[in-house]
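Undergrad: Please find the sequence and the predicted model below.
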Amino acid sequence: MPFSTREMLEAIEQRKPIYTLFTSLFGEKHTHLTEILEIDVKKGKRTMAPFVAPRVGGKVLTRQGFTRSNITAPKIAPERVLTIDDINKAGLGENVYSTKTPEEREAVLLANDMTDLEESILRRTEWMCRQIILEGKINVKDEDAGVDVQIDYNLTNQVILSAAKKWNTATGTILADLKAWRRKIIQSTGIAPKTCLMASDVVDTFKENEGIKAAFNLNMNLGTITPRVDSPALTFIGRLVELDLDIYTYDEWFANDDGTEGGMLPEGTVILLPLKVGAIEYGAVTQMEAGKFVTYEGEIIPRIYADEKNSIKTLTLTSRPIPRPFDVDSWYVAKVM
């Protein structure tokens, strides 16, 4: 049963991706026909136009506030092997007396494998976007292949609160902190954040904080706490009207490369965010097909090839994403507990 790259590409494009919050913040997606991409990184500045004498034509205003780097798009390429044993035995949920043919089982297994591999790529992309938001950089490592590259956008809007300032202490100043961080973003970029993302433990502290309770009781226009589940992973907590911030918490996990599990939003973390922080740039994928090298432009590129001698068929999905922020000063990350 033949499966061409083009046919599998159509199948991938027709399926809906899994829900990923950090990836959604990089709303735009751009594909390219090269694996080395020019990435511009902006650092906000408020340059004023210069004064000039009445009969002087003008003064050159230097373009500044961004750096340009040539970055080779990291390669993500999970694969799954299909053997004769796989297609000759009943699959998960299939009756042991099933009359399905090996060819029919192959089609089902291929579809399931494509789903599994695509979701693993989307989870890795989500992790990459998460790293950009939390740290402003990504470490691309593969010890077996000798790959060790860092993509760094120079995030400076981040703070770890001192023991006396932590939000779960009596001396913590939650509203003052949020106002200061919001002001810093506006000062740097001219754009106000719209979302306050809090880890679950921070949300509990926020709601039970006596200062927050007192402020809300004294001024009902300050904000409201009206929890609403938007998805199994994303919960709307309420709104701080005074700061024009919607508060959310994100409960999602991922498996680290060492097998341990980690939270997508680390405990004790607060992030102030605009509606969109950037775009995802996808580098080209070049692969061997029918004895020739073929280059594809796309987000995820499938490939299936057969080892007839050993009766093995291998499905590989390849993606080369680089999350690119529009302005690294447009969000703020704080460790508050």
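TA: Here it is on my side, so go on.

Undergrad: State the helix or strand in which the residue nearest the centre of the chain lies.
TA: Nearest residue to the geometric centre of the chain (Cα atoms, centre = their mean): C129, 2.7 Å. Assigned by DSSP states H and E, C129 falls within helix 102-135.

Undergrad: re earlier: Provide a list of residues in contact with the residue nearest to the centre of the chain.
TA: Contacts for C129 (Cβ atoms under 8 Å, 6 or more residues apart in numbering) come out as T20, F22, T23, L25, F26, I280, P323. (C-beta placed from N, C-alpha, C; glycine too.)

Undergrad: Those in helices, which ones?
TA: F22, T23, L25 (DSSP state H).

Undergrad: From I133, how far off is the first one?
TA: Put plainly, it is F22. According to Cβ to Cβ, to the nearest Å, F22 and I133 sit 6 Å apart.

Undergrad: How about W167?
TA: W167 sits 20 Å away from I133, going by Cβ to Cβ.

Undergrad: Can you pull out the low-pLDDT segments for the stretch 1-150 of the chain?
TA: The model of the stretch 1-150 of the chain has pLDDT under 70 over residues 1-19, 41-68, 89-99, 142-148.

Undergrad: was I right about L245 contacting K194?
TA: Yes - using Cβ atoms under 8 Å, L245 is in contact with K194, at 6.8 Å.

Undergrad: list the residues that contact both of the two?
TA: Residues touching both L245 and K194 (Cβ under 8 Å, 6+ apart): there are none.

Undergrad: More neighbours: which of these two?
TA: Taking neighbours as other Cβ atoms under 10 Å, L245 and K194 compare with L245 leading, 21 against 14.

Undergrad: Which residue is the nearest non-sequential neighbour of the more buried one?
TA: Nearest non-adjacent residue to L245, counting by Cβ to Cβ, 6 or more residues apart in numbering: C196, 4.4 Å away.

Undergrad: Run the chain-centre distance for the helix or strand harbouring that neighbour.
TA: C196 belongs to strand 195-198 when assigned by DSSP H and E. In this view, strand 195-198 has its centroid 15 Å away from the chain centroid, taken as Cα atoms, centre = their mean, to the nearest Å.

Undergrad: Pairing partners for that strand, with directions?
TA: Using DSSP bridges, strand 195-198 pairs in its sheet with strand 245-250 (parallel), strand 269-273 (antiparallel).

Undergrad: Contacts for the helix or strand just after it next, please.
TA: On the C-terminal side of strand 195-198, the closest following helix or strand by DSSP H and E is helix 200-208. Outside of helix 200-208, the residues within contact range by Cβ under 8 Å, 6+ apart are 167-168, 174, 198, 212, 225, 237, 247, 249, 251, 267-270, 336-337.

Undergrad: which one among the residues you listed gets closest to N154?
TA: Lowest distance from N154 to the contacts of helix 200-208 (Cβ to Cβ) belongs to T269, with 19.8 Å.

Undergrad: Nearest residue to I247 in space, please, no chain neighbours.
TA: Closest to I247 by Cβ to Cβ, 6+ apart is I237, at 4.2 Å.

Undergrad: Report the angle between the host helix or strand of that neighbour and helix 200-208.
TA: I237 is part of strand 234-240, with elements assigned from DSSP H and E. Interaxial angle of strand 234-240 relative to helix 200-208 (axes from the mean of the first three to the mean of the last three Cα atoms, to 10 degrees): 30 degrees.

Undergrad: mind giving me the domain ranges of this structure?
TA: For the chain, the structural domains run 5-45+66-151+278-325, 156-277, going by automatic domain parsing.

Undergrad: Need the distance between the two termini of the last one.
TA: The separation between the terminal residues of domain 156-277, taken as Cα to Cα, to the nearest Å, is 15 Å.

Undergrad: Let me know whether I301 touches T295 as I believe.
TA: No - the criterion here is Cβ under 8 Å, and I301 misses it with T295 at 9.4 Å.

Undergrad: what residues are shared contacts of the two?
TA: What both I301 and T295 touch, as defined by Cβ under 8 Å, 6+ apart, is the set V285.

Undergrad: Run a quick neighbour tally on Q131.
TA: 16.

Undergrad: re earlier: packing partners of the strand holding I237?
TA: For strand 234-240, the packing partners by 3 or more Cβ pairs under 8 Å, 6 or more residues apart in numbering; DSSP states H and E come out as helix 200-208, strand 223-229, strand 245-250.

Undergrad: Including distance to P102 and neighbour count, could the contacts of C129 go into a markdown table?
TA: What follows is the contacts of C129, written out as a markdown table (distance: Cβ to Cβ, whole Å; neighbours: other Cβ atoms under 10 Å):
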| residue | distance to P102 | neighbour count |
| --- | --- | --- |
| T20 | 35 | 20 |
| F22 | 41 | 25 |
| T23 | 37 | 22 |
| L25 | 44 | 23 |
| F26 | 42 | 25 |
| I280 | 39 | 20 |
| P323 | 42 | 25 |
